[in-house]
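Peer 1: Take this sequence and fold it.
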Amino acid sequence: IKSRRYDVSITYDNYYRTPRIWLYGYNENGTPLTTEEVYQDVMQDYAKKTVTVDPHPHLSKLHASIHPCRHGSAMLKIIQALQESNQTITIEQYLFIFLKFIQSVVPTIEYDYTIEVQAGASEK
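Peer 2: As a prediction, this is how the structure comes out:
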């Protein structure tokens, strides 16, 4: 089975006031992926719409970027659901939840799931 590897970087988008994900992919030989190869790993509903190839703000290469316009509202709903069940989350947990949210756009990316966040009613 051939595999791909991605460098993932997170910047802060000041306009949308939310994290922004940047992806730079490599094939199994370490060769950078073409734009079309990157789009193969993205849910087709999002390719060329929510996920576009743009200049990275701090690196000299084009990266696939997941546009942050809906991140804030989606994350707010998730955080509010956690707060309604009397849970407070740390910054680390927020970033983990954010990466899980991003995985719905790029489902082929696997993360290390060593942190636990429980959503739902708290026990009294």
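Peer 1: How far off centre is the helix or strand harbouring residue 11?
Peer 2: With the criterion set as DSSP states H and E, the secondary-structure element containing residue 11 is strand 5-13. In terms of C-alpha atoms, centre = their mean, to the nearest Å, the centre of strand 5-13 is found 8 Å from the chain centre.
Peer 1: got the buried residues for the following helix or strand past it?
Peer 2: Remark: after strand 5-13, the chain's next helix or strand is strand 18-26, criterion DSSP H and E. The neighbour-count criterion (16 or more other C-beta atoms under 10 Å) identifies 18-25 as the buried residues of strand 18-26. (Glycine included, C-beta is placed from N, CA and C.)
Peer 1: Alpha carbons only: can I get the helix or strand bottoming out on mean pLDDT in the chain in PDB?
Peer 2: Among the helices and strands of the chain, helix 91-103 carries the lowest confidence by mean pLDDT, DSSP states H and E, at a mean of 83. C-alpha atoms of helix 91-103 as PDB (Å, rounded to 0.1, in the frame of the first residue of the first chain):
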ATOM      1  CA  ILE A  91      -5.900  24.900  25.000                       C
ATOM      2  CA  GLU A  92      -4.300  21.500  24.200                       C
ATOM      3  CA  GLN A  93      -7.800  20.000  24.100                       C
ATOM      4  CA  TYR A  94      -9.100  22.800  21.900                       C
ATOM      5  CA  LEU A  95      -6.300  22.200  19.400                       C
ATOM      6  CA  PHE A  96      -7.000  18.400  19.500                       C
ATOM      7  CA  ILE A  97     -10.800  19.100  18.900                       C
ATOM      8  CA  PHE A  98      -9.900  21.500  16.100                       C
ATOM      9  CA  LEU A  99      -7.700  18.800  14.400                       C
ATOM     10  CA  LYS A 100     -10.600  16.300  14.700                       C
ATOM     11  CA  PHE A 101     -12.800  18.900  13.000                       C
ATOM     12  CA  ILE A 102     -10.300  19.400  10.200                       C
ATOM     13  CA  GLN A 103     -10.200  15.600   9.700                       C
END
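Peer 1: That'll do, ta.
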